[in-house]
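> Based on what follows, work out the 3D shape:
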Amino acid sequence: MSISMTPAAAERVKSFLDNRGKGLGLRLGLKTSGCSGMAYVLEFVDELNEDDEVFAIDGVNIIIDAKSLIYLEGIELDFVKEGLNEGFQFNNPNAKGECGCGESFTV
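Residues are numbered from 1 along each chain as shown. Next up is the predicted model:
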(Lines give C-alpha, C1' and ligand atoms only; values in the text may rest on other atoms or scores of the structure.)
Protein backbone atom coordinates (compact mmCIF):
# COMPACT_ATOMS: atom_id res chain seq x y z
CA MET A 1 0.00 0.00 0.00
CA SER A 2 1.32 3.37 -0.97
CA ILE A 3 0.32 6.52 0.87
CA SER A 4 2.58 9.59 0.84
CA MET A 5 2.77 13.06 2.31
CA THR A 6 4.83 16.07 1.32
CA PRO A 7 7.21 17.60 3.89
CA ALA A 8 4.90 20.65 4.08
CA ALA A 9 1.92 18.43 4.97
CA ALA A 10 3.94 16.46 7.52
CA GLU A 11 5.07 19.65 9.26
CA ARG A 12 1.52 21.00 9.34
CA VAL A 13 0.12 17.79 10.82
CA LYS A 14 2.92 17.71 13.42
CA SER A 15 2.10 21.30 14.33
CA PHE A 16 -1.60 20.51 14.74
CA LEU A 17 -0.85 17.47 16.92
CA ASP A 18 1.67 19.40 19.03
CA ASN A 19 -0.83 22.23 19.58
CA ARG A 20 -3.53 19.72 20.45
CA GLY A 21 -1.24 18.04 22.99
CA LYS A 22 -2.42 14.49 22.33
CA GLY A 23 -3.33 12.08 19.56
CA LEU A 24 -1.99 9.06 17.73
CA GLY A 25 -2.14 10.73 14.34
CA LEU A 26 -4.45 12.00 11.66
CA ARG A 27 -7.27 10.01 10.09
CA LEU A 28 -7.70 10.36 6.34
CA GLY A 29 -11.07 9.03 5.33
CA LEU A 30 -14.01 9.45 3.01
CA LYS A 31 -17.67 10.29 3.37
CA THR A 32 -20.51 10.34 0.89
CA SER A 33 -21.00 13.99 0.06
CA GLY A 34 -21.11 16.66 -2.57
CA CYS A 35 -22.24 16.58 -6.15
CA SER A 36 -19.57 14.08 -7.26
CA GLY A 37 -20.14 11.47 -4.57
CA MET A 38 -17.20 11.36 -2.13
CA ALA A 39 -15.41 13.92 0.02
CA TYR A 40 -12.22 13.68 2.05
CA VAL A 41 -12.35 13.78 5.85
CA LEU A 42 -9.45 14.67 8.14
CA GLU A 43 -9.73 14.17 11.90
CA PHE A 44 -7.51 13.54 14.89
CA VAL A 45 -7.22 9.97 16.16
CA ASP A 46 -6.93 9.20 19.85
CA GLU A 47 -7.84 5.51 19.56
CA LEU A 48 -7.39 3.02 16.73
CA ASN A 49 -10.27 0.97 15.32
CA GLU A 50 -9.95 -2.72 14.39
CA ASP A 51 -9.90 -2.07 10.66
CA ASP A 52 -7.42 0.85 10.71
CA GLU A 53 -4.17 0.81 8.75
CA VAL A 54 -1.41 3.03 10.12
CA PHE A 55 1.13 4.63 7.78
CA ALA A 56 4.13 6.22 9.52
CA ILE A 57 5.37 9.00 7.25
CA ASP A 58 8.03 11.54 8.31
CA GLY A 59 7.22 11.07 11.99
CA VAL A 60 3.44 11.37 11.47
CA ASN A 61 0.88 8.58 11.61
CA ILE A 62 -1.74 8.69 8.87
CA ILE A 63 -4.60 6.36 9.77
CA ILE A 64 -7.00 5.04 7.14
CA ASP A 65 -9.91 2.65 7.65
CA ALA A 66 -10.24 -0.41 5.39
CA LYS A 67 -13.32 0.92 3.51
CA SER A 68 -11.57 4.16 2.56
CA LEU A 69 -8.23 2.56 1.76
CA ILE A 70 -9.31 1.06 -1.56
CA TYR A 71 -10.16 4.58 -2.82
CA LEU A 72 -7.07 6.21 -1.32
CA GLU A 73 -4.33 3.83 -2.53
CA GLY A 74 -1.51 5.95 -3.94
CA ILE A 75 -2.79 9.26 -2.56
CA GLU A 76 -0.41 12.08 -1.70
CA LEU A 77 -1.40 14.55 1.01
CA ASP A 78 0.03 18.02 0.49
CA PHE A 79 -0.30 21.35 2.29
CA VAL A 80 -0.30 24.42 0.08
CA LYS A 81 -0.40 28.17 0.63
CA GLU A 82 -1.67 30.36 -2.19
CA GLY A 83 -1.92 34.03 -1.30
CA LEU A 84 -4.13 34.31 1.76
CA ASN A 85 -5.49 30.78 1.33
CA GLU A 86 -3.95 27.65 2.75
CA GLY A 87 -5.08 24.07 3.17
CA PHE A 88 -4.55 20.41 2.53
CA GLN A 89 -4.58 19.19 -1.04
CA PHE A 90 -5.30 15.60 -2.02
CA ASN A 91 -3.48 14.21 -5.06
CA ASN A 92 -5.46 11.01 -5.59
CA PRO A 93 -4.67 8.89 -8.67
CA ASN A 94 -8.00 7.07 -8.20
CA ALA A 95 -10.11 10.21 -8.66
CA LYS A 96 -11.69 10.22 -12.12
CA GLY A 97 -13.38 13.60 -11.75
CA GLU A 98 -14.17 16.42 -9.34
CA CYS A 99 -17.11 18.73 -8.88
CA GLY A 100 -16.70 22.35 -9.90
CA CYS A 101 -16.07 23.59 -6.37
CA GLY A 102 -13.47 20.89 -5.66
CA GLU A 103 -15.25 19.63 -2.53
CA SER A 104 -15.98 16.14 -3.81
CA PHE A 105 -14.73 13.59 -6.33
CA THR A 106 -15.74 10.44 -8.14
CA VAL A 107 -13.78 7.21 -8.73
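
> Go ahead and flag the most central residue of this structure.
Using C-alpha atoms, centre = their mean, the residue of the chain that lies closest to the mean C-alpha position is Leu28, 3.7 Å off.

> May I ask which helix or strand encompasses that residue?
strand 25-33 (DSSP states H and E).

> What pairs with that strand, parallel or antiparallel?
The strands beside strand 25-33 in its sheet (DSSP bridges) come out as strand 37-45 (antiparallel), strand 60-65 (parallel).

> among these, which is nearest Phe16?
If you check each of the strands paired with strand 25-33 against Phe16 by C-beta to C-beta, strand 37-45 wins as the nearest, at 7.7 Å. Where you see a C-beta, it was placed from the backbone N, CA and C, and this is true even at glycine.

> that older thread, could you redo the strands paired with strand 25-33 as a markdown table and give each row distance to Phe90 and mean neighbour count?
Written out in a markdown table, the entries for the strands paired with strand 25-33 read as follows (distance: least, C-beta to C-beta, whole Å; neighbours: other C-beta atoms under 10 Å):
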| stretch | distance to Phe90 | mean neighbour count |
| --- | --- | --- |
| strand 37-45 | 5 | 16 |
| strand 60-65 | 12 | 20 |
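
> Let's have the ones you listed in CSV, adding mean pLDDT.
Output for those, formatted as CSV (pLDDT from 0 to 100):
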stretch, mean pLDDT
strand 37-45, 89
strand 60-65, 95
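
> Output the lowest mean pLDDT helix or strand found in this structure.
Taking mean pLDDT, DSSP states H and E as the measure, the chain has strand 105-106 as its least confident helix or strand, at a mean of 58.

> need the longest helix for the chain.
Criterion DSSP state H: the longest helix present in the chain is helix 7-20.

> Please pick out the residue of this protein most distant from its centre.
Distance to centre of the chain, C-alpha atoms, centre = their mean, peaks at Gly83 (22.3 Å).
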